[in-house]
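> Sharing a model that was predicted from the sequence below.
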Number of protein chains: 2
Amino acid sequence: MAVVEPPKQLLVPLKVEERLLMGPGPSNAHRRVLDACAQPILGLLDPRFCAIMDEVKLGLQYIWQTKNKHTFALSGTGHSGVEASIINMTERGEKIMICVNGIWGERASDMAERIGCDVRKIERPIGEVFTLEDIQKGIEEYKPGVVFITHGESSGTTCQPLEGIGKLCHNNDCILIVDSVASLGGSPLNVDDLEIDVVYSGSQKCLGAPPGLSPISLSPRAWKKLQSRNTKVPSFYFDLTMIANYWGCDDGPRRYHHTGPINSVYALREALSLVVEEGLENFIARHQKSAELLQDGFEKMGFAFLVQDKRHRLPTITGVLIPQGVDQKKVSAFIGEKYKMDIPGGLGKSAGKIWRVGLMGVNSTKDNVNLVLKAFQDAMDNIKLQNNL
Amino acid sequence: MAVVEPPKQLLVPLKVEERLLMGPGPSNAHRRVLDACAQPILGLLDPRFCAIMDEVKLGLQYIWQTKNKHTFALSGTGHSGVEASIINMTERGEKIMICVNGIWGERASDMAERIGCDVRKIERPIGEVFTLEDIQKGIEEYKPGVVFITHGESSGTTCQPLEGIGKLCHNNDCILIVDSVASLGGSPLNVDDLEIDVVYSGSQKCLGAPPGLSPISLSPRAWKKLQSRNTKVPSFYFDLTMIANYWGCDDGPRRYHHTGPINSVYALREALSLVVEEGLENFIARHQKSAELLQDGFEKMGFAFLVQDKRHRLPTITGVLIPQGVDQKKVSAFIGEKYKMDIPGGLGKSAGKIWRVGLMGVNSTKDNVNLVLKAFQDAMDNIKLQNNL
């Protein structure tokens, strides 16, 4: 006897309305990227699929400017990159120093604590970045084996300067993990030049693929540390040695570790193809130019920003301060309704303080900047009008 | 200065050749499912996306015949279901009894050991299932807090009878985890009737969606155990309490846990829609009928099967024994080349012993059965011919 009857809601085929995603991600995808998702499924170790994985690896090495052999993608969203980096680079009881200036440092701390790391934090207020001296002081005090820092803090809308941190870590026998989920493609991030040991990102930000994959890259130093662990990584699913083998990064034959999310890999491949076509320098320059235009426009309209210092503003996500007396949710709802455009508020400590306007991937254009500014002006005029009534 | 030049391979758009995937999964997807992947991306907490998640929940409750409120999908492939089930249902040092008759029990044991569980195994040879007495004896000897068993063993091609195991576990104050990755949709699996506490599957088998999601369902008993843990789950990414909230399974507002793999969820929704259209009973009956036809055909051709007892053969994946003197890889390559059809060999302890012929989702048809049989006959004739030359 049936316990559950067939749900009527599922008798209708899916039809999704197009929205303009001008928030902190996911961003919209190019039609070519979406169409790639719909190409036929291949077997998980089909040589044709392995060749596509190889192309993804090349594309990631290019966008990160790294020769790291161990560059591939995790079968999980951006959060899986945070978790995999930490659990592979530490062992139970090991000291990790986490730089917290927003939600990503907080989540990284949570993850590290869950597996029994000795977590030490250094902190900066939301909207501010760390100086090299802050980090040096922390390393001297805590003597950690691993340092975690966020390049693009999507909650604080900051872009952390990374120059010198890698060298500092290495002089102190530390591994450096950098979160580049919200920054990759929007700011230069030359992983080898910066001496970053583990860097990861998400498929759905500047790359403009659907969410579901977390690209990751490990330096030879990180790989050596991983290979000299005393204990197994506390996760099979995120065991980077096994995943790297599946991605053909070592010299052995590829073994079945898990069933790769085939169609998501197609989409990532196609997203990387678009970056290669445009050229990395042009791609980054476009993101930076759009951000400048957006900020100039908001300034002219009398808005201010969460991040005071222009040099530390994230080009991909701008934190626009909510003027006194304005209701963030009302403005977002107005814009959502009238312009079919999604611009959410803050996250964590920036909640209630800002809108987060994203300009990523195909969305990072002059036309979209103008549309966002127009929509905000329209919203503000309407809300003023309403308040006067 | 550029460290890595733009890879030329990525200057060509992706074009994937269609293959007929008649192995243990992934299987082919219906065009409507692939097209769903290519629909526009929505924001991760957009009410329109939340409504789609709700439909997925309803579809999963239907296909598992369960009223479990905590029924949703993990943002990872089938392996993530194994790992999430184990790490959420146990705490460090807790005893878990794992029934090992193939690769899934082995991998579950590996996962449980990595997080410090006290793992006790009961074992059966590949191609055989456990009796209720085997399990009872194990529970009496080890007194575990959790029992893990695989319904559809894709390496041993067995279908484990589940009747009575739930009750046995509950009489002994145990939680029962059942792996249904390879069986869901191919064999009846009435989760509530069977008193299963945690069940999970994969999107890419009978459901015929691309790989990348692991549906999961927790009974009230499993949920209660999860809520009364003394320690945090040793993974943020797979913390089922947080993920269930994101899927709207509790009474609180949905919070941002991670960015759902939006387009993969669309595909799963559409795959479930096809099951609802066909009707669960018809869907399962079709899988069972195709498997019978296939086995009859192979028998007539003189082949034998890894699983002796017909009642314990997995309807979704049939393990066909490799006749003496025949090279499995040569046959698979011949069929792959001539018929564009993928039929791999065994896995783990069944490697070198069998081909694994899958009949799942849209692939489970009489025409495909006939094509597989024709291809095997053709291959055997050719290989015999070659051997005679």
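Alright, I've got the coordinates.

> all contacts plus neighbour counts: C-alpha atoms, from now on.
Fine.

> What is the distance between stretch A:159-172 and the centre of its chain?
Chain-centre distance of stretch A:159-172: 20 Å, with C-alpha atoms, centre = their mean, to the nearest Å.

> typo on my end, stretch A:155-165
13 Å.

> how about the helix or strand where residue A:373 lies: buried residues?
Assigned by DSSP states H and E, residue A:373 belongs to helix A:366-388. For helix A:366-388, burial by neighbour count (16 or more other C-alpha atoms under 10 Å in any protein chain shown) applies to A:366, A:368-369, A:372-373, A:375-376, A:378-380, A:383.

> So which other helices or strands are in contact with it?
Helix A:366-388 sits against helix A:280-300, helix A:328-339, with contacts defined as 3 or more C-alpha pairs under 8 Å, 6 or more residues apart in numbering or on different chains; DSSP states H and E.

> do that again at 10 Å, thanks
When contacts are defined as 3 or more C-alpha pairs under 10 Å, 6 or more residues apart in numbering or on different chains; DSSP states H and E, helix A:366-388 packs onto helix A:280-300, helix A:328-339, strand A:341-342, strand A:354-358.

> CA atoms only for the first one - export them in PDB, please.
The one in question is helix A:280-300. Provided in PDB are the C-alpha atoms of helix A:280-300 (Å, rounded to 0.1, in the frame of the first residue of the first chain):
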ATOM      1  CA  LEU A 280      43.000  36.800 -18.700                       C
ATOM      2  CA  GLU A 281      44.300  40.300 -18.600                       C
ATOM      3  CA  ASN A 282      41.300  41.600 -20.500                       C
ATOM      4  CA  PHE A 283      39.000  39.600 -18.300                       C
ATOM      5  CA  ILE A 284      40.400  41.000 -15.100                       C
ATOM      6  CA  ALA A 285      40.600  44.500 -16.500                       C
ATOM      7  CA  ARG A 286      36.900  44.300 -17.500                       C
ATOM      8  CA  HIS A 287      35.900  43.400 -13.900                       C
ATOM      9  CA  GLN A 288      38.000  46.300 -12.500                       C
ATOM     10  CA  LYS A 289      36.700  48.800 -14.900                       C
ATOM     11  CA  SER A 290      33.000  47.900 -14.200                       C
ATOM     12  CA  ALA A 291      33.600  48.100 -10.500                       C
ATOM     13  CA  GLU A 292      35.100  51.600 -10.900                       C
ATOM     14  CA  LEU A 293      32.200  52.800 -13.000                       C
ATOM     15  CA  LEU A 294      29.800  51.400 -10.400                       C
ATOM     16  CA  GLN A 295      31.500  53.000  -7.500                       C
ATOM     17  CA  ASP A 296      31.700  56.400  -9.300                       C
ATOM     18  CA  GLY A 297      28.000  56.200 -10.100                       C
ATOM     19  CA  PHE A 298      27.000  55.400  -6.500                       C
ATOM     20  CA  GLU A 299      29.300  58.200  -5.200                       C
ATOM     21  CA  LYS A 300      27.600  60.700  -7.500                       C
END
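
> residues of that helix that come out buried?
Buried, per 16+ other C-alpha under 10 Å, within helix A:280-300: A:280, A:283-288, A:290-295, A:297-298.

> Strands of the stretch 151-300 of chain A, start to end?
When secondary structure is read from DSSP state E, counting those that start in this stretch, the stretch 151-300 of chain A shows strands at A:152-153, A:158-159, A:175-179, A:198-200, A:214-218.

> Out of those strands, flag the one nearest residue B:177.
Each of those has some distance to residue B:177 by C-alpha to C-alpha; the shortest is strand A:214-218, at 28.4 Å.

> hmm, back to that, give me the residues contacting the helix holding residue A:373.
Helix A:366-388 is contacted by residues A:20, A:22, A:286, A:289-295, A:297-298, A:301, A:325-327, A:330-336, A:338-339, A:341, A:343, A:357-359, A:362-363, A:365, A:389 when judged by C-alpha atoms under 10 Å, 6 or more residues apart in numbering or on different chains.

> about what we covered before: tell me which of the strands of the stretch 151-300 of chain A sits most buried.
Among the strands of the stretch 151-300 of chain A, the stretch with the highest mean neighbour count (mean count of other C-alpha atoms under 10 Å in any protein chain shown) is strand A:158-159, at a mean of 30.

> Could you pull up the mean pLDDT of it?
Mean pLDDT, computed over strand A:158-159, is 98.

> so what secondary structure elements neighbour that strand?
Packing partners of strand A:158-159 (3+ C-alpha pairs under 10 Å, 6+ apart): strand A:152-153, strand A:317-321.

> I'd like to know which elements the longest one is packed against.
Strand A:317-321 sits against strand A:158-159, helix A:280-300, strand A:354-358, with contacts defined as 3+ C-alpha pairs under 10 Å, 6+ apart.

> With distance to residue B:214 added, can I get these in TSV?
Output for the helices and strands packed on strand A:317-321, formatted as TSV (distance: least, C-alpha to C-alpha, whole Å):
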stretch	distance to residue B:214
strand A:158-159	34
helix A:280-300	35
strand A:354-358	30
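
> Of all the ones you listed, which one comes closest to residue A:222?
That would be strand A:158-159 among the helices and strands packed on strand A:317-321, by C-alpha to C-alpha, at 23.7 Å.

> contact partners of the closest one?
The contact list for strand A:158-159 (C-alpha under 10 Å, 6+ apart) reads A:101-102, A:126-129, A:150-153, A:180, A:182-183, A:186-187, A:306-319.
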